[in-house]
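Asks: Just to be clear, the model below is a prediction. Sequence and coordinates:
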Amino acid sequence: LGVLALRRGEPEAAVRHLETALALAPDAARTHHNLGHAYGLSAARASLFSKLGLARKCLASYQRAVALAPAHVEYRMSLIGYYQNAPAVAGGGSDKALAAAEELRGLDPVRGSLTVIGVHVSTKQWSAAFAELARLREQSPGLREADYQFGRLAALSDLHTEEGIASLRRFLAAPPVPGDTPKAQACFRLGMLLEKTGQREAARTAYGDALAADPNHRLSREAVARLDGKA
């Protein structure tokens with residue numbers, strides 16, 4: 001019932017049902033994790049007076065889920081996301097996110113490394129992000145997603161743009177792998193880099209490829225409109 005309430009966007013009902021479930025089974029990691037989602041949604045919609053208390057309950061629920069099921073990657077990802085997005089007064093912080101991401105690397109080397117990169121990107125620590133990606137490429141040679149990540153970093157940082165273009169083209173030329181970044185997003189990042197290097201027509205083609213892969217890709221549609229002078 002709590003999960004169904006969450007899916008309906010009813011956080012108060014979700015909290016009520018999930019707290020009842022925990023009273024019946026206090027050590028159910030999944031329930032703690034879902035309760036963290038419910039508290040988080042409640043905090044997002046709460047008044048300023050109530051927001052901090054709900055956010056701290058969200059954090060405590062995620063931490064308890066990880067403590068009960070330390071090998072569960074999704075629980076750790078929720079905790080890292082909280083650390084990245086919450087203010088320090090609510091227990092958040094990029095330093096905590098980075099430490100938790102490095103712990104995740106020990107459990108899942110590829111996903112952990114990608115998460116470490118994401119934390120560095122959120123704080124614009126470009127050198128650290130590229131260094132972590134170099135480590136990932138060395139540890140997992142031939143990893144298709146690493147090519148996308150290099151192109152993404154190049155597009156966001158304006159560094160290593162030519163290598164970023166080559167990496168994205170290599171990513172798009174390789175056979176798709178389940179779980180990798182969708183083609184539309186890779187085409188969009190390629191378009192960004194081509195546009196930044198003055199290759200407007202090639203960028204337009206890349207954005208068009210993104211829209212062909214996903215007609216609802218809003219950023220690519222906006223980029224085409226910008227190139228056409230309609231935005």
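Replies: Sure thing, it's come through. Numbers count the residues shown, from 1 in each chain.
Asks: So, low pLDDT: which residues of this structure?
Replies: 230-231 (pLDDT under 70).
Asks: Have a look at the protein and report its longest helix.
Replies: helix 48-68 (DSSP state H).
Asks: now for it, which elements pack on it?
Replies: helix 29-45, helix 73-85 (3 or more C-beta pairs under 8 Å, 6 or more residues apart in numbering; DSSP states H and E). All C-beta atoms are positioned from the backbone trio N, CA, C, and that covers glycine.
Asks: Which residues outside the longest one are in contact with it?
Replies: Applying C-beta atoms under 8 Å, 6 or more residues apart in numbering, the external contacts of helix 29-45 come out as 2-3, 5-6, 9, 11-12, 14-15, 18-19, 21-22, 25, 50-51, 54-55, 57-62, 64-65, 68-69, 72, 74-75, 78, 82.
Asks: At the geometric centre of this protein, which residue do we find?
Replies: Nearest to the mean C-alpha position of the chain, by C-alpha atoms, centre = their mean, lies Gly118 at 6.9 Å.
Asks: list the contacts for that one?
Replies: Ala101.
Asks: cool, and Arg64?
Replies: Arg64 touches 29, 32, counting by C-beta under 8 Å, 6+ apart.
Asks: Against Glu10, how distant is it?
Replies: To Glu10, Arg64 is 23 Å away according to C-beta to C-beta, to the nearest Å.
Asks: Also Asn216?
Replies: 27 Å.
Asks: Neighbour count for these two, which is higher?
Replies: Neighbour count, other C-beta atoms under 10 Å: between Asn216 and Glu10, Glu10 has more, with 17 against 8.
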